[in-house]
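Chemist: take this sequence and fold it.
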Amino acid sequence: MFVIILDGGAELRPLEPWQAEEFLAHIDRARDAVDPWIPWATFSTSVESARSTLQRYADKAAADAGRIFGIWLDGTLVGGTMFVHFDAAGGTCEIGCWLEPAGQGRGLVTQAVRHLVDWAVRTRGIHRVTWKTCPDNTASRAVAQRLGMRLDGVLRGEYLYNGVRYDTEVWSLLAPEWLQPQPAAR
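Modeler: A predicted model of the protein is given here:
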């Protein structure tokens, strides 16, 4: 088990199937803020379905194809980040995140994602990190910008949820951009 200490008493840790009850309680608190943007939030409505969500990520981790991490603030799970897609051989990954209202406005997602990007680029040799968000999600866009990502474009009408089509912004960061010296601390 590992823990990465974030600012303000927060921790970044792996989320695993045995934590399904805690995960479900968190998703129930976060659901209004993250549904429909985090697809599994819609389907994680019981301990069994929450465990299934976490098991899918455990299986992805075993296959080196994705991972999921929780953000705990003062001992309570308040959000997380994940490698939605991870392809070490191809040098690409996609990172996603979510946060319930109790964790918002503290920079926790930016800190957590910074750790994931750094590990992906420096340790695993990932060349391209992708971040997808809804154009209306100003908090998510701000994280992408703080991390030095660039807006690649908008996939119009790309995401279908409850019969409504939403646009998706695609942001990215390349390894040389991440590794170059920065004038301000990341």
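Chemist: helix or strand right after the helix or strand that residue 32 is a member of?
Modeler: Per DSSP states H and E, residue 32 falls inside helix 20-34. Per DSSP H and E, the first helix or strand lying C-terminal to helix 20-34 is helix 39-43.
Chemist: which strands and helices lie in contact with that following helix?
Modeler: helix 20-34, helix 47-62 (3 or more C-beta pairs under 8 Å, 6 or more residues apart in numbering; DSSP states H and E). Using the backbone N, CA and C atoms, a C-beta is placed for each residue, glycine as well.
Chemist: show the average pLDDT along the helix holding residue 32.
Modeler: If you average the pLDDT over helix 20-34, you get 94.
Chemist: next one: that helix to chain centre, how far?
Modeler: 15 Å (C-alpha atoms, centre = their mean, to the nearest Å).
Chemist: again, but for stretch 61-79
Modeler: Here the centre of mass of C-alpha atoms in stretch 61-79, compared against the chain's by C-alpha atoms, centre = their mean, lies 9 Å away.
Chemist: sort out which residues of the helix or strand bottoming out on mean pLDDT in the chain are buried, please.
Modeler: Ranked by mean pLDDT, DSSP states H and E, the weakest helix or strand in the chain is helix 39-43, scoring a mean of 83. Buried residues in helix 39-43, counted by 16 or more other C-beta atoms under 10 Å: 40, 41.
Chemist: what comes into contact with that helix?
Modeler: Defining contact as C-beta atoms under 8 Å, 6 or more residues apart in numbering, one finds that helix 39-43 is touched by 27, 30, 31, 34, 35, 36, 49, 53, 56, 98.
Chemist: can you check stretch 85-95 too?
Modeler: Counting by C-beta under 8 Å, 6+ apart, residues outside stretch 85-95 touching it are 60, 64-67, 81-84, 113, 116-117, 120, 124-132, 175.
Chemist: can you rerun that using 10 Å?
Modeler: Contact with stretch 85-95 is made by 60-61, 63-67, 81-84, 96, 112-113, 116-117, 120-121, 124-132, 143-144, 147, 149, 170-175, as judged by C-beta atoms under 10 Å, 6 or more residues apart in numbering.
Chemist: and if you look at stretch 23-31?
Modeler: The contact list for stretch 23-31 (C-beta under 10 Å, 6+ apart) reads 15-17, 19, 34-35, 38, 40-51, 53-54, 68, 70-72, 76-80, 98-103.
Chemist: and if you look at stretch 49-65?
Modeler: Under C-beta under 10 Å, 6+ apart, the answer for stretch 49-65 is 14-28, 38-44, 46, 66-70, 82-89, 93, 124.
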